[in-house]
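Asks: fold the stuff below for me.
(4 chains)
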Number of protein chains: 2
Amino acid sequence: MKKTDPGEGGNERRELILMTALGLFTSRGYFNTSVHDIQKEVGVSIGSIYHHFKSKEAIAKALYDNLTGNMAEAMAEIMAEYRTAHDRCRAVVAYLFNLTESSPAAMQYMLYAKHREFMPDEKPVCSSRPFELMKEMVSEGIARGELREYPPYIAATSIFGGPIRMVYLRLDGVLDDPLPAILDQVWECAWRSVGR
Amino acid sequence: MKKTDPGEGGNERRELILMTALGLFTSRGYFNTSVHDIQKEVGVSIGSIYHHFKSKEAIAKALYDNLTGNMAEAMAEIMAEYRTAHDRCRAVVAYLFNLTESSPAAMQYMLYAKHREFMPDEKPVCSSRPFELMKEMVSEGIARGELREYPPYIAATSIFGGPIRMVYLRLDGVLDDPLPAILDQVWECAWRSVGR
DNA sequence: GTCTATACTCAGATAGAC
DNA sequence: GTCTATCTGAGTATAGAC
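Replies: Take a look at the predicted model:
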């Protein structure tokens, strides 16, 4: 199973396939992208694609695991670096906004794709690791009296719902300004909803 | 063009096709639903489907127009019935929560489906009529000094972002409680984010 | 208006030489 | 590991009888 090793290794072709697929999946959608499309854009043969991945679905899955893995890692780092719910949550929003600008495709793939449609046995995005960590930060904040007392899922949704919606708008091309430019204002509103 | 009349008329088969398609599109996804699937579930022949609709995409489009039309109507009624931004926005959230419980498929189809993937020349959902009306309520609220001064899209996103996210969670099956049961708490948080 | 049968296209995936 | 060629099935849509 050396070839599925997520590390750096020698396999730049595998990486190239993944990155190309990400671009196509997000711009045209998963179902409007054929394996032939990927093959053509990467500039290799179909056989090569199928050598690296068992199926089209496997490409989607690998992509999803990579991206949510990276994001969960970032969340964990934030939890380690900051201590208060205020600082942690703000850092998360800043991270989401920056990622949206630097890797819109990655963000879109994680947030927007209806993974259930092509990865039937995957849990919904909002139950994935990164989102779980976000809820955890909020729970701790409530326990410490830093946030108002609400059921954690309500508090988490209230604080992150606005910012996440902002990301959707930006990805949809509705906003002209980059998100980091409005971070302060958005965060003010988000924090006011449940902060003490 | 009598047959495309959206009124009541004689065409219950057309309606039946639409409702069946809605169920299938939302449970399996648009691309995982073939016209044969619809045909079988409705219990009519393929020819009949194609007599009523030019193509599969046309079914999706008719559905989308119907549903967003209904919702825009509801928003307009709310604007007529209430005068303050506070009462209007709260009524909108209550409406969204109720609709999610009474017609989850309709809600899911409007919010969750990536319409761009199968209706290439449609604007993103967030630019559709209902969402425009929501932004309008907020803009007026700011003008009247009822809401804090933020760019309207930020204020609108802050106030509706949490509640809408709640709808997503509920549709994803993550929440056990029906949304109307938590309306008060969710609304408190939403309003606090930008209300004065 | 509704049906059956079928044409046509293209997807995902495999075989087997190099 | 990479390639070309090909299989197989499914999906959209149409033709034409009733």
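Asks: close to DNA strand C, is the lengthiest helix in chain A?
Replies: The single longest helix within chain A, with elements called by DSSP state H, is helix A:56-81. Yes: Helix A:56-81 comes into contact with DNA strand C (Cβ under 7 Å from any atom of the strand), by way of A:Lys56, A:Glu57. All C-beta spots, glycine's among them, are computed from the backbone N, C-alpha and C.
Asks: number of nearby residues for the residue in chain A positioned nearest to DNA strand D?
Replies: Nearest residue of chain A to DNA strand D (Cβ to the nearest atom of the strand) works out as A:Gly47 at 2.2 Å. Neighbour count of A:Gly47, defined by other Cβ atoms under 10 Å in any protein chain shown: 8.
Asks: model confidence for it, exactly?
Replies: pLDDT, A:Gly47: 97.
Asks: gap between it and A:Phe53?
Replies: Applying Cβ to Cβ, to the nearest Å, the value for A:Gly47 to A:Phe53 is 12 Å.
Asks: so for chain A, the centremost residue is which one?
Replies: Against the mean C-alpha coordinate of chain A, by Cα atoms, centre = their mean, the closest residue is A:Met110 at 4.1 Å.
Asks: tell me the spacing between A:Tyr30 and chain B.
Replies: Remark: distance between A:Tyr30 and chain B (Cβ to the nearest Cβ, to the nearest Å) = 8 Å.
Asks: which residues of chain A lie near DNA strand D?
Replies: Applying Cβ under 7 Å from any atom of the strand, one finds that chain A approaches DNA strand D through A:Lys3, A:Asn11, A:Arg13, A:Val44, A:Ser45, A:Ile46, A:Gly47, A:Ser48, A:Tyr50, A:His51, A:His52.
Asks: select only the buried ones of the residues you listed in PyMOL?
Replies: Buried residues among these (16 or more other Cβ atoms under 10 Å in any protein chain shown), as a PyMOL selection:
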select buried, chain A and resi 44+52
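Asks: ok, of the residues of chain A next to DNA strand D, which one's closest to B:Arg129?
Replies: A:Ile46 (44.1 Å; Cβ to Cβ).
Asks: quick check, the closest one in contact with A:His36.
Replies: Yes: the pair A:Ile46 and A:His36 qualifies as a contact (Cβ atoms under 8 Å) at a distance of 6.7 Å.
Asks: ok, the worst-scoring helix or strand of chain A on mean pLDDT near DNA strand C or not?
Replies: Lowest mean confidence among the helices and strands of chain A (mean pLDDT, DSSP states H and E): helix A:115-118, at a mean of 88. No: on the criterion Cβ under 7 Å from any atom of the strand, helix A:115-118 is out of touch with DNA strand C, staying 9.5 Å away.
Asks: buried sites along stretch A:80-98?
Replies: Result for stretch A:80-98 [16+ other Cβ under 10 Å]: buried residues A:82, A:85-86, A:88-97.
Asks: from those, which ones fall inside helices?
Replies: Using DSSP H, A:Ala85, A:His86, A:Arg88, A:Cys89, A:Arg90, A:Ala91, A:Val92, A:Val93, A:Ala94, A:Tyr95, A:Leu96, A:Phe97 are the members of those that sit in helices.
Asks: circling back to that earlier point, now do the longest helix of chain A, average pLDDT.
Replies: pLDDT averaged over helix A:56-81 gives 97.
Asks: now it: buried residues?
Replies: By neighbour count on 16+ other Cβ under 10 Å, the buried set for helix A:56-81 is A:56, A:59-64, A:66-68, A:71-72, A:74-75, A:78-79.
Asks: got the residue ranges for the helices in chain A?
Replies: For chain A, the helices defined by DSSP H occupy A:12-28, A:35-42, A:46-52, A:56-81, A:85-102, A:104-111, A:115-118, A:129-143, A:152-171, A:183-194.
Asks: domains in chain A, by residue range?
Replies: A:9-53, A:60-194 (automatic domain parsing).
Asks: okay, these, which one's buried deepest?
Replies: Highest mean neighbour count among these (mean count of other Cβ atoms under 10 Å in any protein chain shown): domain A:60-194, with a mean of 19.
Asks: quick one: end-to-end length of that domain, please.
Replies: From its first residue to its last, domain A:60-194 covers 37 Å (Cα to Cα, to the nearest Å).
Asks: and it, does that touch chain B?
Replies: Yes: interface with chain B: domain A:60-194 contributes A:112-114, A:116-117, A:124, A:126-127, A:150-151, A:153-155, A:157-166, A:168-169, A:172-175, A:182, A:185-186, A:189-190, A:192-194 (Cβ under 8 Å from any Cβ of the partner chain).
Asks: next one: that domain to chain centre, how far?
Replies: Computed by Cα atoms, centre = their mean, to the nearest Å, the chain-centroid distance of domain A:60-194 equals 8 Å.
Asks: contacts only, for the spatially closest residue to A:Glu81 that is not a sequence neighbour.
Replies: Nearest residue to A:Glu81, sequence neighbours excluded (Cβ to Cβ, 6 or more residues apart in numbering or on different chains): A:Ala91, at 7.3 Å. Counting by Cβ atoms under 8 Å, 6 or more residues apart in numbering or on different chains, A:Ala91 touches A:Ile78, A:Glu81, A:Tyr82.
Asks: residues making contact with the least confident helix or strand of chain A?
Replies: A:Tyr30, A:Phe31, A:Glu57, A:Ala60, A:Tyr64, A:Glu122, A:Pro124, A:Val125, B:Arg28, B:Gly29, B:Phe31, B:Asn32.
Asks: hang on, the third one packs against A:Glu122?
Replies: No: applying Cβ under 8 Å as the test, A:Glu57 and A:Glu122 come out as separate, 10.4 Å apart.
Asks: between the ones in helices among the buried residues of stretch A:80-98, which sits nearest B:Met137?
Replies: A:Val93 (25.0 Å).
Asks: excluding its backbone neighbours, what's nearest the closest one?
Replies: Counting by Cβ to Cβ, 6+ apart, A:Pro163 is the residue found nearest to A:Val93 once chain neighbours are left out, at 4.6 Å.
Asks: any idea how far A:Glu101 lies from B:Phe31?
Replies: 30 Å.
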